[in-house]
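Enquirer: build me a model:
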Amino acid sequence: MKQLALKIDVDTYHGTLIGVPALVEVLQRFGAHATFLFSLGPDHTGRAIKRVFRPGFMKKVSRTSVVEHYGIKTLLYGTLLPGPDIGKHAGNIMRQVRDAGFEVGIHTYDHIAWQDYVAHKDADWTQKQMRLACESFEQVFGEPARTHGAAGWQMNRHAYRFEQARHYPYCSDTRGTHPFIPVYEGEIIACPQLPTTLPTLDELIGVGDLTTDNVAQHLLQLTEAEPAQGHVYTLHAELEGRKLLPVFEALLTGWQAQGYQLVSTLQLFESLDLSTLPYHKVLMGEIEGRSGTLALQGPAFLA
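Expert: I've put the predicted structure just below:
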């Protein structure tokens with residue numbers, strides 16, 4: 001059975017309010033499943049302005065209209081405007097997603113803080129951020145989270161250990177080609193990774209001749225060949241849930257025509273033979289179209 005898992009990262013308050021309901025509607029219309037990963041704490045999107053000094057950031061921003069996708073108000077949260085607590089103010093929308101039958105999990109607590117700092121933070125800082133996210137998730141849903149997908153694919157040793165200690169069945173914090181058992185700096189982490197296997201729209205649009213008119217066809221060409229263990233496609237509520245919704249609809253149409261079952265990451269995980277999962281090192285590296293480094297599936301590790 002050909003499977004393609006849809007992983008939806010929800011980064012902002014506005015994306016939760018506007019993008020998430022729009023995505024639920026279109027997914028239900030197509031009979032598709034998906035996993036929604038929520039940012040649960042304060043929306044501090046405006047603090048991303050510090051990234052102007054990061055190599056490649058301005059090039060990426062110039063390819064996509066940040067104001068058009070996120071809105072002026074969101075871009076001021078955490079600077080000129082106080083950042084709203086997403087879990088407290090939009091918990092009803094999150095519960096509606098779960099009640100509609102979709103898997104829900106943790107993306108992060110403070111998206112900007114995690115994405116910008118976690119790679120170099122210690123155990124105390126990392127565990128505090130993850131505990132805050134877990135506590136907020138339980139306040140919203142009345143039960144513990146069962147999965148985590150890191151903001152910006154940013155992780156460190158302490159974050160992997162936290163996932164292992166929480167006994168998450170699987171997580172999706174990395175980029176790669178197929179499911180694997182992660183090995184970080186020689187330490188085996190007993191929590192399988194389902195890496196994102198396909199490029200995201202914001203990594204593609206504006207590169208070469210790719211536009212909103214032809215980017216769906218480009219992605220569909222990448223999924224023509226059947227993968228051995230399925231694909232994971234990461235989308236964003238702020239993009240595919242708003243201005244890029246027509247592109248997402250074209251992707252759903254195309255993937256179903258290619259014979260894919262559109263599933264949640266949990267459904268993809270449950271289809272795997274865990275006894276055969278390979279061990280792979282996790283390395284920090286670059287991906288074309290995205291600024292900075294992120295967690296990548298590295299070479300095989302012989303345990």
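
Enquirer: what about the chain, any weak spots by pLDDT?
Expert: For the chain, residues meeting the criterion pLDDT under 70 lie at 48-72, 76-78, 80, 303.

Enquirer: which helices and strands sit right next to the longest helix along it?
Expert: Secondary structure of the chain per DSSP state H: the longest helix is helix 123-141. Contact here means 3 or more C-beta pairs under 8 Å, 6 or more residues apart in numbering; DSSP states H and E; on that basis helix 123-141 packs against helix 86-99, strand 103-108, helix 111-117, helix 157-165. Backbone N, C-alpha and C define where each C-beta goes, glycine included.

Enquirer: ok, which of those comes nearest P278?
Expert: helix 157-165 (16.9 Å; C-beta to C-beta).

Enquirer: okay, now the sheet partners of the helix or strand that the closest one is followed by, with direction.
Expert: Note on helix 157-165: by DSSP states H and E, the next helix or strand toward the C-terminus is strand 181-184. Sheet pairing of strand 181-184 (DSSP bridges) gives strand 187-188 (antiparallel), strand 279-287 (parallel).

Enquirer: which of those is buried the deepest?
Expert: For the strands paired with strand 181-184, the largest average neighbour count (mean count of other C-beta atoms under 10 Å) is found in strand 279-287, namely a mean of 17.

Enquirer: quick one: contacts of it?
Expert: With C-beta atoms under 8 Å, 6 or more residues apart in numbering as the test, strand 279-287 has contacts from 119, 155, 160, 174-176, 180-184, 188, 193, 199, 203, 292-303.

Enquirer: partner residues bridging F180?
Expert: Counting by DSSP bridges, F180 is bridged to Q193.

Enquirer: ok, it touching P192?
Expert: Yes. Between F180 and P192 there is a contact at 7.0 Å, judged by C-beta atoms under 8 Å.

Enquirer: shared neighbours of those two, anything?
Expert: Shared contacts of F180 and P192 (C-beta under 8 Å, 6+ apart): L277.

Enquirer: who has more neighbours out of those two?
Expert: Taking neighbours as other C-beta atoms under 10 Å, F180 and P192 compare with F180 leading, 23 against 18.

Enquirer: distance check, the more buried one against G152.
Expert: According to C-beta to C-beta, to the nearest Å, F180 stands 20 Å off from G152.

Enquirer: quick one, strands of the stretch 151-300 of the chain?
Expert: 181-184, 187-188, 231-236, 261-263, 279-287, 290-300 (DSSP state E, counting those that start in this stretch).

Enquirer: in CSV: the helices and strands packed on helix 123-141, plus mean neighbour count and distance to L272.
Expert: Formatted as CSV, the helices and strands packed on helix 123-141 follow (neighbours: other C-beta atoms under 10 Å; distance: least, C-beta to C-beta, whole Å):
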stretch, mean neighbour count, distance to L272
helix 86-99, 18, 23
strand 103-108, 24, 16
helix 111-117, 22, 27
helix 157-165, 19, 17
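
Enquirer: can I get those in TSV including distance to F38?
Expert: Putting the helices and strands packed on helix 123-141 into TSV (distance: least, C-beta to C-beta, whole Å) gives the following:
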stretch	distance to F38
helix 86-99	6
strand 103-108	6
helix 111-117	10
helix 157-165	16
